[in-house]
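Enquirer: Curious how this folds, go ahead:
(2 chains)
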Amino acid sequence: MEASFNLLVDLHKSNHLMYAFASLALMMGAGVILSSISAFVLNLLGIKLEKRRREEY
Amino acid sequence: MNLPIAGVAVDPFLLILLGFTVGVCGGFFGVGGAFMVTPALNILGFPMPYAIGTDMAHITGKSLIASSSHHKLGNVDLRAGAILVAGTFPGIELGARVVMKLEELGTVEPVIRWVYVVVLIGIGLLMVKEQRRIKRCIKMCGPDKCELNNMLDQQSFSKKIQAIKLKPMIKLPVSGVEEISFWIILVVALTTGFFAGLLGVGGGFIRVPALIYLIGMPTTVAVGTDLLEIFFSGAYGTLSYAAKGRVDVIAALVMLLGAAIGTQIGVIATNYVRGYKIRAFFAATIFLSALSVLLKQFNAGLAATVLLLSTAVLMSAIIIGSMINVKLQEKRVESEEYL
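Expert: All right, here's what the predicted structure looks like:
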């Protein structure tokens, strides 16, 4: 964990363009992974992401 | 926690809590929440460019989670979303150029703040007017009939807009819109993008009401579709700010830990709370935001930020409370039926 953070800090110092693409990829990747993990945790708590029949307005 | 990129030391629990509360509001209202997160990060010690850039990165991850969750619920109109993305970017650019012009004239800050206040109060009043009509209707005919009446009434203005036959006409089946001119959606995208560029915000709080009242989208579809657009503008903003070295991606990742849970709760809550109630909470948030901008205008910056953060915490508590309340009611009904 600390090694990857250091890698990001070094990339920020050396190449901003590479850092930009790495940041975007990281945020999108983390979004996908955290989405699944949080959905799983909420599912365990009984809060489910499911379609429900109800009036729109 | 030491954050060497932005050069600050911050308690990670504060970042997670900030991500969580703004995540609940974002998933529920379809806004990025930049107007809350950026000043909060600034107060935590982030220099302003880092606060904006880091917020952009966090919004990208959060809106990806929120829009994919809304997509699973059938709340994302991809066709309208694509036109919104295409129209919003030139609008933002136009708004940014007006800001540059105002900067040359030396009037940028007061002009933008007053435009902000007028736009926020205008949208809020429009929504309050609708709420008063709904309350009258509930008294007259009970909640279900009222929702139908409200739907018909609310659609009347959007029906007039949909009646403008300016080719090419497109269908939006996910939004339940039979036919609407492509140009109208593009104009809505350009205008909301212009305000986003002018006011320096994501524009969700303008776009969501515009999609509901002008295009005629159901509230939940407007929220989901807007979050799709926010993902693209957030990604563009992240690239732009990170290429200038102004994104602390580690802080953004920590915030995303809280936002991932908060966003999903916000999205799920749209499934339990009726459309007109979502709009009522939205109107309250808008008024409190307008008040905070007014406080800033009168040199009470700290009070403005405290008010914004309290609004985020209060709204997340109300949203979660409303969802739990509906769930408990449903359980009670189920157990009564079982007996």
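Enquirer: and B:K159, how many neighbours does it have?
Expert: 12 (other Cβ atoms under 10 Å in any protein chain shown). Using the backbone N, CA and C atoms, a C-beta is placed for each residue, glycine as well.
Enquirer: In which helix or strand does it reside?
Expert: In this structure, B:K159 sits in helix B:108-162 according to DSSP states H and E.
Enquirer: Check B:E179 too.
Expert: Using DSSP H and E, B:E179 sits in strand B:177-181.
Enquirer: Give me the helices and strands touching the next helix or strand after that strand, please.
Expert: Sequence order places helix B:182-199 as the next helix or strand after strand B:177-181, per DSSP H and E. When contacts are defined as 3 or more Cβ pairs under 8 Å, 6 or more residues apart in numbering or on different chains; DSSP states H and E, helix B:182-199 packs onto helix B:78-105, helix B:108-162, strand B:169-172, helix B:204-210.
Enquirer: what comes into contact with helix B:182-199?
Expert: For helix B:182-199, contacts defined as Cβ atoms under 8 Å, 6 or more residues apart in numbering or on different chains pick out B:80, B:83-99, B:112, B:115-116, B:119, B:161, B:164, B:166, B:168-170, B:202-203, B:206-207, B:210-211, B:214-215, B:233.
Enquirer: Ok, stretch B:158-176 next?
Expert: Contacts for stretch B:158-176 (Cβ under 8 Å, 6+ apart): A:56, B:74, B:76-80, B:177-185, B:213-218, B:221, B:225.
Enquirer: Relative to the whole chain's centre, how far out is that stretch?
Expert: Put simply, stretch B:158-176 sits 24 Å off its chain's centre (Cα atoms, centre = their mean, to the nearest Å).
Enquirer: before we move on, what about stretch A:13-24?
Expert: Counting by Cα atoms, centre = their mean, stretch A:13-24 is centred 18 Å from the centre of its parent chain.
Enquirer: what does stretch B:104-118 give?
Expert: The answer for stretch B:104-118 is 22 Å, by Cα atoms, centre = their mean.
Enquirer: What are the buried residues along that stretch?
Expert: B:108, B:112-113, B:115-117 (16 or more other Cβ atoms under 10 Å in any protein chain shown).
Enquirer: angle of the helix or strand of chain B at the bottom of the mean pLDDT ranking against helix B:78-105?
Expert: Lowest on mean pLDDT, DSSP states H and E among the helices and strands of chain B sits helix B:108-162, with a mean of 75. Helix B:108-162 runs at 150 degrees relative to helix B:78-105, counting by axes from the mean of the first three to the mean of the last three Cα atoms, to 10 degrees.
Enquirer: if we can go back for a sec, any idea how far the strand holding B:E179 is from the chain center?
Expert: That offset, for strand B:177-181, works out to 24 Å (Cα atoms, centre = their mean).
Enquirer: Which strands and helices lie in contact with it?
Expert: In terms of contacts (3+ Cβ pairs under 8 Å, 6+ apart), strand B:177-181 is packed against helix B:108-162, strand B:169-172.
Enquirer: still on that earlier bit, let's have the buried residues of stretch B:104-118 in JSON lines, adding distance to chain A.
Expert: Shown next, in JSON lines, are the buried residues of stretch B:104-118 (distance: Cβ to the nearest Cβ, whole Å):
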{"residue": "B:V108", "distance to chain A": "27"}
{"residue": "B:I112", "distance to chain A": "27"}
{"residue": "B:R113", "distance to chain A": "30"}
{"residue": "B:V115", "distance to chain A": "31"}
{"residue": "B:Y116", "distance to chain A": "27"}
{"residue": "B:V117", "distance to chain A": "29"}
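Enquirer: What is the most widely separated pair among those residues?
Expert: Taking Cβ to Cβ as the measure, the buried residues of stretch B:104-118 span a maximum distance of 15.1 Å, between B:V108 and B:V117.
Enquirer: What's the local residue count around the residue lying closest to B:A280 once chain neighbours are set aside?
Expert: Distances taken as Cβ to Cβ, 6 or more residues apart in numbering or on different chains place B:Q131 nearest to B:A280, at 5.2 Å, with adjacent residues excluded. A count of nearby residues for B:Q131, using other Cβ under 10 Å, gives 17.
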